[in-house]
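1. Next comes the sequence, and after it the predicted model I'd like to discuss.
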Amino acid sequence: MSRPLGITVSRHILDNQHLHPTATGDLSGLLIELIVAAKTINAEVNMAGLADILGMSGKTNIQGEMVQKLDDLANNTIKRRMARCGYICIMTSEEEEGVIPVVPGYEGKYTLAFDPLDGSSNIDVNVSIGTIFSIHRRRTQDGPGAISDLLLPGREQVAAGYIIYGSSTMLVFATGQGVQGFTLDPSVGEFYLSHPDIRIPEKSKYFSVNEGNTLYWEENMRRYVDYLKEEDKATDRPYSGRYIGSLVADFHRNLISGGIFLYPKDRKDPGKPGGKLRLLYEAAPLAFIVEEAGGRAITGDGREIRDVAPESLHQRVPLIIGSRHDVDMAEAFLLGRR
Ligand code: AHG
Ligand code: MN
Ligand code: MN
């Protein structure tokens, strides 16, 4: 079978570099390095179930260590590669308490925040998981980056994206010129452009929320979900519930088919009054992508996700994200206007 002459992600990145008038190729280089790390993680994710079942140690990494837990392995894969890519000056990861420096002498003008493996509690049941990344331009001039180079509002992101390790492995990212989706051909090891200029449907009939938390929600949140469950053909109600428990998988489905995802603040865990999801490497990058695709992302208390000024690396934030009409409606309920 002759393979279609697909556009590889490297070709797409290089062909579109001219759209950024000040392009130096550094952002392209950063993305290409990140994609190599993602392919490595993809190979390990596909192996993980096997290793678990057969008790295999799986591969050993370059330090001769046995394969670690997948979160740690994904984290180390990205850290090691990006620490010496030459395009970033500092990193932060969900798996590390503090900032992650780059190798001295390899400092670049960008910063990287990432969730190396999102939804990792689902790996043992073979449910889609993912990697999420967010890229900012540093504010400090040179040398090692500072934490202030990471604590920037999502509005200032220069790029954001995710890889979803699902029935097929896809890379979805935006650099300010719309949202592009690529599918991995594992036999070639190349990502090919499969979903050019993704637009999220304006309105949907799917909602994604963990209803096990209903008891802990504020009254307005309960009223909104009850509204979605009422019958009214004119407004496609009742909506269908879809909740995978991997943010990347729930978000990706909504991006392609339309939908609203909600992880609001709840009273379930006093340690997490502001919701469960993290701003820097979960909410902000997905907010960048959804806005580039015509959707919207809010906190539910009157703020856009991309306007929230981070105060700490692992700051949590309530997240309501998806089709614009649905997010507008949710916000009206949450602010008591309906
Ligand atoms: P992570 O695996 O990176 O910690 O993220 C898990 C998150 C997110 O993927 C998902 O939307 C959410 O946890 C599910 O939380 P609940 O199990 O509380 O619904
Ligand atoms: Mn996560
Ligand atoms: Mn994670």
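-> Done, it's in. Numbers count the residues shown, from 1 in each chain. Ligands and ions are numbered 1, 2, ... in the order given.
2. Now do the longest helix along the chain: which elements does it pack against?
-> In terms of residue count, the longest helix belonging to the chain (DSSP state H) is helix 26-54. Helix 26-54 makes packing contacts with helix 9-16, helix 70-82, strand 110-118, strand 129-137, strand 159-165, strand 169-174 when contacts are defined by 3 or more Cβ pairs under 8 Å, 6 or more residues apart in numbering; DSSP states H and E. (Glycine included, C-beta is placed from N, CA and C.)
3. who touches the nearest residue to L30 once chain neighbours are set aside in this structure?
-> With Cβ to Cβ, 6 or more residues apart in numbering as the criterion, L30 has its nearest non-adjacent residue at 3.9 Å, and that residue is Y87. Contacts for Y87 (Cβ atoms under 8 Å, 6 or more residues apart in numbering) come out as D26, L27, G29, L30, E33, G108, K109, Y110.
4. Could you check how many residues crowd around the last one?
-> The one in question is Y110. 23 (other Cβ atoms under 10 Å).
5. ok, which residues in the stretch 101-250 of the chain are in contact with ligand 1?
-> With Cβ under 6 Å from any ligand atom as the criterion, the stretch 101-250 of the chain meets ligand 1 at residues D115, D118, G119, S120, S121, N210, G245, S246, L247.
6. Would you mind confirming that the first one makes contact with A160?
-> No - under the criterion of Cβ atoms under 8 Å, D115 makes no contact with A160, lying 11.5 Å away.
7. which residues do the two both contact?
-> Joint contacts of D115 and A160 (Cβ under 8 Å, 6+ apart) are I132, F133.
8. sec struct for N213, please.
-> At N213, secondary structure determined by DSSP: H, G, I helix; E, B strand; the rest coil is helix.
9. re the thing from before, mind checking which of the residues of the stretch 101-250 of the chain next to ligand 1 are buried?
-> Among these, those scoring as buried are D115, D118, G119, S120, S246, L247 (criterion: 16 or more other Cβ atoms under 10 Å).
10. out of the residues you listed, which one sits closest to ligand 2?
-> D118 (3.4 Å; Cβ to the ion).
11. Enumerate every residue touching the most centrally placed residue in the chain.
-> When Cα atoms, centre = their mean is applied to the chain, the residue found nearest the centroid is I132 (3.4 Å). Applying Cβ under 8 Å, 6+ apart to I132 gives the contacts F114, D115, D118, A160, G161, Y162, L247, V248, Y281, E282, P285, L286.
12. and with 6 Å instead?
-> D115, D118, Y162, Y281, E282, P285 (Cβ atoms under 6 Å, 6 or more residues apart in numbering).
13. hang on, the earlier thing: winner for burial among the helices and strands packed on helix 26-54?
-> strand 110-118 (a mean of 28; mean count of other Cβ atoms under 10 Å).
14. to the chain's geometric centre, what's the distance from that strand?
-> 9 Å (Cα atoms, centre = their mean, to the nearest Å).
15. Across the sheet, point out what pairs with L193.
-> F182 (DSSP bridges).
16. There's contact between it and L5 in this structure, I believe.
-> No - L193 is beyond contact range of L5, at 11.1 Å (criterion: Cβ atoms under 6 Å).
17. neighbour-wise, which of these two wins?
-> Between L193 and L5, L193 has the larger neighbour count (other Cβ under 10 Å), namely 16 against 7.
18. how near is that one to ligand 2?
-> Distance of L193 to ligand 2, given as Cβ to the ion, to the nearest Å: 26 Å.
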